[in-house]
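Undergrad: could you look at this predicted model? Sequence included:
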Amino acid sequence: MKFTDIFIRRPVAATVISLMILLAGFQSLRSLLLNVREYPRTETTVISIATTYTGASAELVRSHITTFLEKAISDVDGIDYVESSSAQNKSTITVHLRLNFDVYKALTHIQAKIAQIRNHLPSEAEAPVIEIKTGDTQIALLYLSFSSRDLDSNQITDFLNRVIQPKLTALTGIQKAEILGEQTFAMRVWLKPDHMAALHIAPSDVTKALTANHYAAAIGSTKGTMTTAHVVANTDLRNVEEFRQLVVAQRNGAMIRLKDIADVELGAEDYNEIARFDGETAIFIGIWGSPTVSPLDITQAVRKALPELQALLLPGMKCEIEYDSTDYIRDAFHEVTKTLLEALVVVVIVMFLFLGSVRSVLIPVIAIPISLIGTAFLVALAGFSMNLLTLLAVVLAVGLVVDDAIVVVENIERHIRTGLPPLEAALRGARELIGPIIAMTITLAAVYAPIGIQGGLTGALFREFAFTLAAAVIVSGIVALTLAPMMSVWLLRFSDHKMRFCSFLDHWFAALKEKYARTLTWSLGYRSAFYVLWGFAVISAVFFYKFSTKELAPREDEGFIDVPIQTGANSTLDQTDLFARQLNAIYHAIPEVKHTLQIISSTSGFVGVTLKPFNQRKRSIDQTLADISEENSKIAGIDLFAMTPAPLPGADQFPIEFVIGAPAELQEMLPFAENLVQKARKSGLFSFIDTNLKYDQPEYRVHFDRDKVATLGIDLQRSGRDLNAMLAGGSVSRFSNQGHSYKVIPQIKRIHRLNPDQLADIYMGSQDGKLVKLSTFAHISRSVQPRELTHFQQLHSVTIQGSPTSGVSMESALSFLERDARKILPAGYVIDYAGESRQLRKEGDRLLGTMVLSLIFIFLVLAAQFESFRDPLIVLFGSAPLAITGALLMPFMGFSTLNIYTQISIITLIGLITKNGILIVEFANKLQESGLDKFQAVIEAASIRLRPILMTTLSTVVGSLPLILFRGPGAGARNSIGAVIVSGMVIGTFFTLFCVPAIYTLIAKTRRKASLQQLLPSSTAGDAPPPYQEPAPVI
């Protein structure tokens, strides 16, 4: 008794198995829907180390802070690459960890390394601040804006720090609620140089008074025999008035108070940044989620808490959601679900058109939901999530899970048409297909096995996609061998009086089969032509691959456009603000724009443009992006570049980040980088390209005459501190207010530091207590320096940032830069990559090896199934190269790009197309064993299997058509997958029907000796062959 006989003779057992699959699937589906996200869980972690050194130049920051820290952390495990920038006042080191590396392990090591060298850093520098950003993307999940017509930015920031931020961070799943554009309260002591000179007060006298006479003392307590009492003292200052009354010095018995030499007010830590929402002053909070929690759950929790937060707002304040990244995920899920339903409908229609009977169609129609819902059990069992890629796999699976059931039903119907009763037909038909279905199931599952062990981003993203498809195929194979034969006994009937449509289909397929058999017989007389065609297909595949447009992944319409701003080095905050106001008005005049978010400083900033929902826009994001770019080009005096978010987790926003590193100084490296940028601009390959190195920052150097310094008794350390107190705006202490502490910052007013010449009139303190004008013992010179000094992997670096122009792939753009860099850069210079460019170089060709490994896996599975090393070669050589050529035709012709989605689709296609070859080869072998020679066997096998092959192919094709026709969120990925599957299956199937038989006659094992002359008539090969009768059923 064969395996399938059990379920045919025991229909209740077959039904119970299917019901168990359904129940397990439904329960698993409920749990999967609780963990919905855009991509499979990936932890793309960036650790930033920010160190403030107020008043220090970029060179001082680099040599005394950045270099020390970089060397200290260089040997920490898990680091992919490190980049840093040293600018005036601040060092920023960005550590990019390897994908999914344990962030807390790396963080512990980094903290330990920094602690070891903390004492080597300047004492005036603040302690390094370490921040972590972990998740699928480097932008926040959600941005909230807080604005008011009555409150200033200081008041809004303070309220957010005290009330809103703690409420948000307490919500489940929120890793961080970051305040953007904040202006934190500080006690600002605006020094008056003229008053200080008149009263003989040096800046260092002020800082000394602020530290010595403003001190938060922790005194302790008294302990008696029976009682204990805490002791406090008013050693610190608490409000503006107390600071004003602070005694700085005494001159001739008179007390000089702080109010005599300075204006004291409760202001902001700095006035270097402005934030706006739709043109109004605002402060933003970015919500970052934990990678272990569904982004949809996090944003839903925030939205649910929003009414409570709004009830806490101060009078006149308002809160709005500026951008919610999960809107795109929700829309994309909705559209994929709709695509899934469309695929189901068209597949059912195709089955009816081929089978022509409601009874026949009912069997695969029932098999589809059982297979798809049962897949959910295996997906949940593997610990996967419900995401866009697994859901996309389910859409593709619609055309796959029906294949096995169709083959079973068609084969049983074929036996019924010969006159066998349904039970005997089901027993024989199912027995014949045990081997092929197991082979097809294992083959299609095995094709994804290499993806399961694939490393890097590709493996992390597509492991769940591949295993979901494999799970669907396995479940469908079980259903096809257990439920489909049993249902066939009960539903399929032989009738001499068929419906007219059924009779028409039978006659049409009979005629098609006869014509195909004649054509195939004729073509086998010219087998050499097929071998040439096969070779041409292989060469064409290489040609198509080489000249197709390549990119890492297509950019998607997420409803958000980012516009970085960069102005001249001499620009002020007021000037940049004028540009920002102009941009706000221009962008809001574009119909698709909903909101704008702006955060600007004196020389840089960015505008975030949120678009209306997809169904409320008449134009795509690409058209809107073109509009914004055109408007940007009309604004002189400012550099603007509009772009959409990176398409995959972990990528930065600029598609092109080409890094040049060298031990040489940046000034020596700049000409080479600028030369390369100029060539790139002339090439026409880039819509925007520039370097991150701007050598235009004016710097004024104070040169001390050391002889005069010695003569006048000047202490240069004190002079440096005096200048720092006057100009830097650094904190000298902190004060408490309502449970929070704030900085105390002395600085001369802006009116006294409008230009460097005013510095000459500043008075410095000397060792004998007298004041000496700076111009007496120093002079000032002007120079130009970089805005920031950058490192990449500890080398001095210049990064070329840009974006390819429309129609140009990232691969072409990067190849151009690499080729010209080799010509331009001198020896000792190296090139590297960051962001999306790094992903492309690491991941771009990785799937080629995976594809080869998939072919090897299929070969080994088929060899075991056929117990032959010849038959797998027939299946693979007769189908895979031709299907791959057909698939690559679409990106070659420009209907899609060659990206990781299309490459994964090609691997899927290999598994799909080999199913056709398995059906032909397996049946041909059995026909040989029944007495036919090799030629007759393969012709009969191909002719008999023609109908199921066409049915399964068309089911897969029409099931994938909605992916091609889709327009909306996530269309780029879906179009890429659909185009490859459809073109590869159509072209591959057509040639497989001729190439597999041709190769079979060449290398298949001969189980009965036969010659071509025995098969072909003695006349010309083009004459029609005699008709063939169907062979007796093979058991």
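TA: Nice, I can see it. All values reported here derive from a predicted model rather than from experimental measurement.

Undergrad: rest of the way, CA atoms for contacts and neighbours
TA: OK.

Undergrad: show me this structure divided up by domain.
TA: Domains of the chain are assigned by automatic domain parsing as 1-33+328-492, 186-222+230-268+697-785, 508-547+845-1020, 560-696+789-837.

Undergrad: dump the ones you listed to CSV, plus mean pLDDT, mean neighbour count and distance to Ala305.
TA: Conversion of the domains of the chain to CSV gives the following (pLDDT from 0 to 100; neighbours: other Cα atoms under 10 Å; distance: least, Cα to Cα, whole Å):
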stretch, mean pLDDT, mean neighbour count, distance to Ala305
domain 1-33+328-492, 86, 21, 19
domain 186-222+230-268+697-785, 87, 16, 25
domain 508-547+845-1020, 84, 21, 27
domain 560-696+789-837, 88, 18, 22
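
Undergrad: just put those in CSV and tack on distance to Leu69.
TA: Formatted as CSV, these follow (distance: least, Cα to Cα, whole Å):
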stretch, distance to Leu69
domain 1-33+328-492, 28
domain 186-222+230-268+697-785, 22
domain 508-547+845-1020, 34
domain 560-696+789-837, 10
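
Undergrad: nearest to Pro315, of those?
TA: Closest approach to Pro315 among the domains of the chain (Cα to Cα): domain 186-222+230-268+697-785, 19.9 Å.

Undergrad: next one: that closest one to chain centre, how far?
TA: 49 Å (Cα atoms, centre = their mean, to the nearest Å).

Undergrad: so what would you say the end-to-end distance of that domain is?
TA: 31 Å (Cα to Cα, to the nearest Å).

Undergrad: closest to Ser91 out of the domains of the chain?
TA: Comparing these by Cα to Cα, domain 560-696+789-837 comes nearest, at 9.5 Å.

Undergrad: how long is the closest one end to end?
TA: Terminal-residue distance, domain 560-696+789-837 (Cα to Cα): 21 Å.

Undergrad: report the distance from it to the chain centre.
TA: 18 Å.

Undergrad: now stretch 452-465
TA: 13 Å.

Undergrad: how about that stretch as PDB, C-alpha atoms only?
TA: In PDB, the C-alpha atoms belonging to stretch 452-465 read as follows (Å, rounded to 0.1, in the frame of the first residue of the first chain):
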ATOM      1  CA  GLY A 452      18.900  30.700   5.500                       C
ATOM      2  CA  ILE A 453      22.700  30.600   6.000                       C
ATOM      3  CA  GLN A 454      23.300  33.800   4.200                       C
ATOM      4  CA  GLY A 455      25.000  36.500   6.300                       C
ATOM      5  CA  GLY A 456      24.800  40.200   6.200                       C
ATOM      6  CA  LEU A 457      21.800  42.400   5.500                       C
ATOM      7  CA  THR A 458      20.600  40.200   2.700                       C
ATOM      8  CA  GLY A 459      20.400  37.200   4.900                       C
ATOM      9  CA  ALA A 460      18.800  39.100   7.800                       C
ATOM     10  CA  LEU A 461      16.100  40.600   5.500                       C
ATOM     11  CA  PHE A 462      15.300  37.600   3.300                       C
ATOM     12  CA  ARG A 463      15.700  34.700   5.600                       C
ATOM     13  CA  GLU A 464      12.100  35.000   6.700                       C
ATOM     14  CA  PHE A 465      10.900  35.700   3.200                       C
END
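
Undergrad: nearest to Asn89, out of the domains of the chain?
TA: The nearest among these, by Cα to Cα, is domain 186-222+230-268+697-785 at 8.5 Å.

Undergrad: what residues are up against Ala202?
TA: Taking Cα atoms under 8 Å, 6 or more residues apart in numbering, we find Ala202 in contact with 196, 722, 763-765, 771.

Undergrad: and the two most separated of the residues you listed?
TA: Taking Cα to Cα, no two of the contacts of Ala202 sit farther apart than Met196 and Asp722, at 12.2 Å.

Undergrad: does Tyr143 belong to a helix, a strand or coil?
TA: strand (DSSP: H, G, I helix; E, B strand; the rest coil).

Undergrad: what's the neighbour count on it?
TA: Look at Tyr143: counted by other Cα atoms under 10 Å, it has 22 neighbours.

Undergrad: could the contacts of Ala202 go into JSON lines alongside secondary structure and distance to Phe658?
TA: Output for the contacts of Ala202, formatted as JSON lines (DSSP: H, G, I helix; E, B strand; the rest coil; distance: Cα to Cα, whole Å):
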{"residue": "Met196", "secondary structure": "helix", "distance to Phe658": "52"}
{"residue": "Asp722", "secondary structure": "helix", "distance to Phe658": "43"}
{"residue": "Tyr763", "secondary structure": "strand", "distance to Phe658": "48"}
{"residue": "Met764", "secondary structure": "strand", "distance to Phe658": "47"}
{"residue": "Gly765", "secondary structure": "strand", "distance to Phe658": "50"}
{"residue": "Leu771", "secondary structure": "strand", "distance to Phe658": "52"}
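
Undergrad: redo the residues you listed as a markdown table? Include distance to Ser91.
TA: Formatted as a markdown table, those follow (distance: Cα to Cα, whole Å):
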| residue | distance to Ser91 |
| --- | --- |
| Met196 | 33 |
| Asp722 | 23 |
| Tyr763 | 30 |
| Met764 | 29 |
| Gly765 | 30 |
| Leu771 | 34 |
